[in-house]
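Engineer: Sequence first, predicted coordinates after that:
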Number of protein chains: 2
Amino acid sequence: MTPVTSGSGKSLTDLFVEAATQAIEDAGVDRIDSMYVGNMMSGFLQNQEHLGALMVTAMGEEGIPACKVEGACASGGVAANAGVKAVLSGLEGVVLVGAVEKMSGYTTPQVTSGLMMAEDKARVGATGVTFVGLNAMIAREYMQRYNIPHEALAEFPVMCHTNALDNPKAQFHKKISVEDVVHSPLVADPLRLYDCSGIGDGAAALVLTSLEKARKLTDSPVLISASAVATDRISLYQRPDITTFEASRKAATAAYERAGLGTDDVDVLEVHDAFSVLGIMALEDLGFAPKGAGSRMVKDGECARDGRIPTNTFGGLKARGHPVGASGVYQIAEVALQLSNEAGKCQVPNADVGLAQSVGGIGTTVTVHILKRGD
Amino acid sequence: MTPVTSGSGKSLTDLFVEAATQAIEDAGVDRIDSMYVGNMMSGFLQNQEHLGALMVTAMGEEGIPACKVEGACASGGVAANAGVKAVLSGLEGVVLVGAVEKMSGYTTPQVTSGLMMAEDKARVGATGVTFVGLNAMIAREYMQRYNIPHEALAEFPVMCHTNALDNPKAQFHKKISVEDVVHSPLVADPLRLYDCSGIGDGAAALVLTSLEKARKLTDSPVLISASAVATDRISLYQRPDITTFEASRKAATAAYERAGLGTDDVDVLEVHDAFSVLGIMALEDLGFAPKGAGSRMVKDGECARDGRIPTNTFGGLKARGHPVGASGVYQIAEVALQLSNEAGKCQVPNADVGLAQSVGGIGTTVTVHILKRGD
């Protein structure tokens, strides 16, 4: 993973190569057979496509198959899913999954417009609503339906900022309080600045191969027990209930079933907290809390690194940062580091199973990866 | 396949749904497990991403996994490759691969700029060279090195326009002569208007499943014997020889090996003739003619529908049309129609094996699919 930063001046290629090179070195493989590049906004912001071949060229991995995989903010998650299928297909033995996004260096209206590409731009974007505006509607509805004060939602970013203090690659190293969150500048009522992930640049990468080969390469391989993707109708107005993400439930159910595991087995969790309310809803939709009870879990410390289900242990989207199309791979990499005891100061004890959830659009494309120690 | 048209006024979604619905009906499947959407330019031209979920929503295929797959003008080809791996992985039983591009309704500078996203935009695009300009350099070099007059290159578009006369879905129904080509308006010296594919909208779709299941659904299943992707360095200036596409050779070699077949086995061929010279080079790089001898093959009628290797039997990119990210799927669909004897007036006799080659960028990402009658 590269550090997540705003204003680094690095190009998409610089960022990708930095992460991919580290991943290949760390994996100890002498070649890769193919590359999947997760990214959401390069066509719009950088006016650059063909990232597969662009990155193959930059990496000097001459001739190998490569493509870009896109699923809005879950692009990293769907790229990982593509990588998993490539290995399972038997066609590609060692697969690099990298994901990159560069969001800084553009005006806020540009980035805001870019993020709306995750919704139906022609129908919903045309109304003028923004991506954060749509998430604010979710927050409002959630708070009203479950009688949750803003202070309760704020527990999530507070926890993330605490965790990020120990992550040298996090975008924000700043301890914040619930009071700070609820008094920070209003972005889209009720969401305030500290409810929202920031604008950042970053890249992360994974090397995937068969467990058999991985065991030869390392003493601490990590097994992907399940990789699931589910979708929902793309627009919020098409959903009967906006306080739950059906795609999150579907992807989680499929992943638990494939892995033969349940919530009780999960020791470490990375969820998609692009906005405070999404972190809380993820705890519920993934089965860790009943609807309306997610924020209580966080307040009670159950999601802290020393709690029952350590969550967003490196700072999550809020504090580690959310270079949108890359975040899904950051999360999987972070879970993998936890399971292989390489999480440094962010390490949680005795983690055997981890889950990473990534969300594209307004809960529209959700990926769930369940990882397990493979030694 | 939708007809390829310019100025239909149809949206990306309209186009995709039209093709995907036809493919599902034609296949006779009662459900699909996932969707792969090939597309190159939606982020830039339509300011719309998240095409996976957008199309799942439009199709009413609630909840299924979906993503966009991009490889410049070979996006359809890489989407098909992703679909093949999905089926081989065992995770998805019935897979829809659709590809769509909408290029009309924009200014020529907009589309020209969009096409340069296939090259390194920051380094090469910044020089002001256009995509057709780069292909013109290839044509010039090819003509000089092999002493090929423009008239010889022109044989390719002439053949394509002849074939398209019988394809009701082709963009151009106009017989042209070699004289017409070499006297058509200059676009980028030496390439003239009739050397170049046009700007068009279109979508095409395939349903992929196991051969076992396909045999239950139809009496004329088509087997994908090989699906190969290869890449080259993204920029033309990085290549030692621009008159051959190394990625084309690599993808073809891999595909022939996987299929256990060679050029002699191929009965019908679809190649990526975005520019006349590329059609000729494809014949050579895929092994059907020695370097410099491709145009002679066309002139001698070997590539005609009643020739030795019927090529671009529905009109190819030049005359059927080239909605860039969709063309790779059009080609595979056309080969499949030939092998199942459903090619209508474009039908060639006794085709058992077909090959489709799609090119992204300046020969940068090349996909080769070899299809075989599966009955």
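Structural biologist: Arrived safely, thanks for sending.

Engineer: Now the residue of chain A found nearest chain B: closest residue in space, sequence neighbours ignored.
Structural biologist: Across chain A, no residue is closer to chain B than A:G43, which sits at 2.7 Å (C-beta to the nearest C-beta). No exception for glycine: its C-beta is placed from N, CA and C like everyone else's. The spatially closest residue to A:G43, leaving aside those adjacent along the chain, is B:G43, at 2.7 Å (C-beta to C-beta, 6 or more residues apart in numbering or on different chains).

Engineer: Could you double-check that the one you found lies in contact with A:M41?
Structural biologist: Yes. The pair formed by B:G43 and A:M41 meets the contact definition of C-beta atoms under 8 Å, at 6.8 Å.

Engineer: what is in contact with these two at once?
Structural biologist: A:M117, B:E49 (C-beta atoms under 8 Å, 6 or more residues apart in numbering or on different chains).

Engineer: thought A:Y256 was touching A:A226?
Structural biologist: Yes. Contact status for A:Y256 versus A:A226: in contact at 7.4 Å, counting by C-beta under 8 Å.

Engineer: intersection of neighbour lists for those two?
Structural biologist: Joint contacts of A:Y256 and A:A226 (C-beta under 8 Å, 6+ apart) are A:I370.

Engineer: does chain B sit close to the one helix or strand A:G77 maps to?
Structural biologist: Using DSSP states H and E, A:G77 maps to helix A:75-89. Yes. On the criterion C-beta under 8 Å from any C-beta of the partner chain, helix A:75-89 is in touch with chain B at A:V78, A:N81, A:A82, A:V84, A:K85, A:A86, A:L88, A:S89.

Engineer: Redo those residues as CSV? Include pLDDT, distance to B:T209 and neighbour count.
Structural biologist: As requested, the residues of helix A:75-89 next to chain B are exported to CSV (pLDDT from 0 to 100; distance: C-beta to C-beta, whole Å; neighbours: other C-beta atoms under 10 Å in any protein chain shown):
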residue, pLDDT, distance to B:T209, neighbour count
A:V78, 98, 21, 31
A:N81, 98, 19, 32
A:A82, 98, 19, 27
A:V84, 98, 20, 23
A:K85, 98, 15, 26
A:A86, 98, 19, 27
A:L88, 98, 16, 19
A:S89, 98, 14, 19
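
Engineer: Return the member of these nearest to B:K250.
Structural biologist: Taking C-beta to C-beta as the measure, B:K250 lies nearest A:A86 of the residues of helix A:75-89 next to chain B, at 17.4 Å.

Engineer: Run through the stretch 101-250 of chain A and note the low-pLDDT ranges.
Structural biologist: Flagging of the stretch 101-250 of chain A using pLDDT under 70 yields an empty set of residue ranges.

Engineer: interface residues of it facing chain B?
Structural biologist: Residues of the stretch 101-250 of chain A lying near chain B (C-beta under 8 Å from any C-beta): A:113-114, A:117-122, A:125, A:228-235, A:238, A:246-247, A:250.

Engineer: Buried ones among those?
Structural biologist: Neighbour-count burial (16 or more other C-beta atoms under 10 Å in any protein chain shown) applied to these gives A:113-114, A:117-121, A:125, A:228-235, A:246-247, A:250.

Engineer: one step back: between the residues of helix A:75-89 next to chain B, which is nearest B:N350?
Structural biologist: For these, the nearest to B:N350 is A:S89 (31.7 Å; C-beta to C-beta).

Engineer: Go ahead and confirm the closest one touches B:L88.
Structural biologist: Yes. Counting by C-beta under 8 Å, A:S89 touches B:L88, with 3.7 Å between them.

Engineer: In strands only, show me the residues of the stretch 101-250 of chain A next to chain B.
Structural biologist: Using DSSP state E, the subset of these located in strands is A:A228, A:V229, A:A230, A:T231.

Engineer: ranges for the helices of the stretch 101-250 of chain A?
Structural biologist: When secondary structure is read from DSSP state H, counting those that start in this stretch, the stretch 101-250 of chain A shows helices at A:108-115, A:131-146, A:150-164, A:178-183, A:211-217, A:246-259.

Engineer: buried set for the fifth one?
Structural biologist: When burial is assessed from 16+ other C-beta under 10 Å, helix A:211-217 yields the following buried residues: A:A214.

Engineer: How far off centre is that helix?
Structural biologist: 26 Å (C-alpha atoms, centre = their mean, to the nearest Å).

Engineer: Ok, the first one next?
Structural biologist: Counting by C-alpha atoms, centre = their mean, helix A:108-115 is centred 19 Å from the centre of its parent chain.

Engineer: what angle separates that helix from helix A:131-146?
Structural biologist: 70 degrees (axes from the mean of the first three to the mean of the last three C-alpha atoms, to 10 degrees).

Engineer: before we move on, what about the last one?
Structural biologist: Using the same axes, to 10 degrees, the direction of helix A:246-259 lies 80 degrees away from that of helix A:131-146.
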